[in-house]
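[1] sequence? don't have it. structure:
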């Protein structure tokens, strides 16, 4: 069994497509197929169910996947040890983040890492399923590090999360909204209002959903957008109300902030890594720089 075979197997297992796996590995598709067939012959079983419509892992393939990832991580650690002894950092860091990362200057962070260690290959993935998706990718080994929001009560086992910043969420309405004439409201006063919010799976959405659930108030989310500035603009144009961080309110004119009686909502951003896998030298180099690029909000 060769590391190359395991790398090809992992790519097909994650992409569920030989074509996409070949594109990801920068090899021809026939090479990927040959590597998988060879691995299946060595193991004496099929790893994938192949049809003209789809590719799926067999039970044996699903059992192999975490072991294959662990083997590649161990091989990477061995390479790292040699490269550290040679004072040359190489390797790949898979970074996950949300589209609007306000707490960390991510371009500056990755730029500094590249300037210091140009041989480190950074792969950046912007979340389409929020913090929940990033957490799942961390646990599965698809990501090495992620900038995500994890409520204190629901931090998944297997993830080390370091809090980078916590900001309040404030209730905003358009300046023309009838509620703008009031200085203070309660959550119960908002039951009939259309809300603009992030989709389920995002940390700030979970914070607001939990607050309404605890208060026993049903709210209606009319518009779901995975972008803070887009959400603020929709509120500005009267399409709903929202709980937003103050930095989004400050840069969007035409919004009015209301006090919410008896409720203080706070949203935290974390730096997440696996608590079960040893970080590579390349990942440690990135982690050492994060603190220099946290933005004071």
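    Alright, I've got the coordinates. No experiment lies behind these values; they were computed from the predicted model shown. Residues are numbered from 1 along each chain as shown.
[2] check contacts around residue 6.
    Residues in contact with residue 6 (CB atoms under 8 Å, 6 or more residues apart in numbering) are 39, 68, 71, 72. For every residue, glycine as well, the C-beta is placed using N, CA and C.
[3] show only the entries of these found in helices.
    Among those, the members found in helices (DSSP state H) are 39, 68, 71, 72.
[4] picking up where we left off before, give me the lowest-pLDDT entry from the contacts of residue 6.
    Here the lowest pLDDT out of the contacts of residue 6 sits on residue 72, with 88.
[5] quick one: buried residues of stretch 22-35?
    Buried residues in stretch 22-35, counted by 16 or more other CB atoms under 10 Å: 22, 25, 32, 33, 35.
[6] got it, and stretch 124-142?
    Neighbour-count burial for stretch 124-142, counted by 16+ other CB under 10 Å, picks out 127, 130, 131, 132, 133, 134, 135, 137, 138, 139, 141, 142.
[7] tell me the span between the first and last residue of stretch 275-291.
    One end of stretch 275-291 sits 20 Å from the other (CA to CA, to the nearest Å).
[8] same question, stretch 247-255
    The separation between the terminal residues of stretch 247-255, taken as CA to CA, is 12 Å.
[9] tell me the contacts of residue 29?
    Residues counted as contacts of residue 29 (CB under 8 Å, 6+ apart) are 18, 19, 22.
[10] tell me the SS of the residue nearest to it when sequence neighbours are not counted?
    The shortest distance from residue 29 to any non-neighbouring residue, by CB to CB, 6 or more residues apart in numbering, is to residue 22 (4.1 Å). Using DSSP: H, G, I helix; E, B strand; the rest coil, the structure places residue 22 in helix.
[11] so residue 265 bridges to which residues?
    Following DSSP bridges, residue 265 is listed with bridge partners residue 169.
[12] so what's the residue count around it?
    Residues lying near residue 265 (other CB atoms under 10 Å) number 17.
[13] that one and residue 245: what is the separation?
    Distance of residue 265 to residue 245, given as CB to CB, to the nearest Å: 10 Å.
[14] shared neighbours of these two, anything?
    168, 169.
[15] can you name the two of the buried residues of stretch 22-35 that sit furthest apart?
    The span of those, defined through CB to CB, is set by 25 and 33 at 12.0 Å.
[16] how about the strands in the chain?
    Using DSSP state E, the strands of the chain run over 48-50, 55-57, 91-97, 120-126, 145-148, 159-174, 184-185, 194-197, 220-224, 242-244, 255-260, 265-274.
[17] can I get these in CSV including mean pLDDT and distance to residue 235?
    Shown next, in CSV, are these (pLDDT from 0 to 100; distance: least, CB to CB, whole Å):
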stretch, mean pLDDT, distance to residue 235
strand 48-50, 91, 47
strand 55-57, 92, 43
strand 91-97, 91, 24
strand 120-126, 91, 23
strand 145-148, 93, 24
strand 159-174, 91, 6
strand 184-185, 90, 15
strand 194-197, 96, 6
strand 220-224, 95, 9
strand 242-244, 95, 5
strand 255-260, 93, 6
strand 265-274, 91, 16
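[18] would you map the helices across this structure?
    For the chain, the helices defined by DSSP H cover 3-15, 18-25, 29-43, 59-85, 106-116, 130-140, 203-215, 228-236, 246-250, 281-290.
[19] isn't residue 116 right next to residue 288, touching?
    No: counting by CB atoms under 8 Å, residue 116 stays clear of residue 288, with 9.5 Å between them.
[20] list the buried residues of stretch 39-54.
    Quick answer for stretch 39-54 (16+ other CB under 10 Å): 39, 40, 47, 48.
[21] good, wrapping up.
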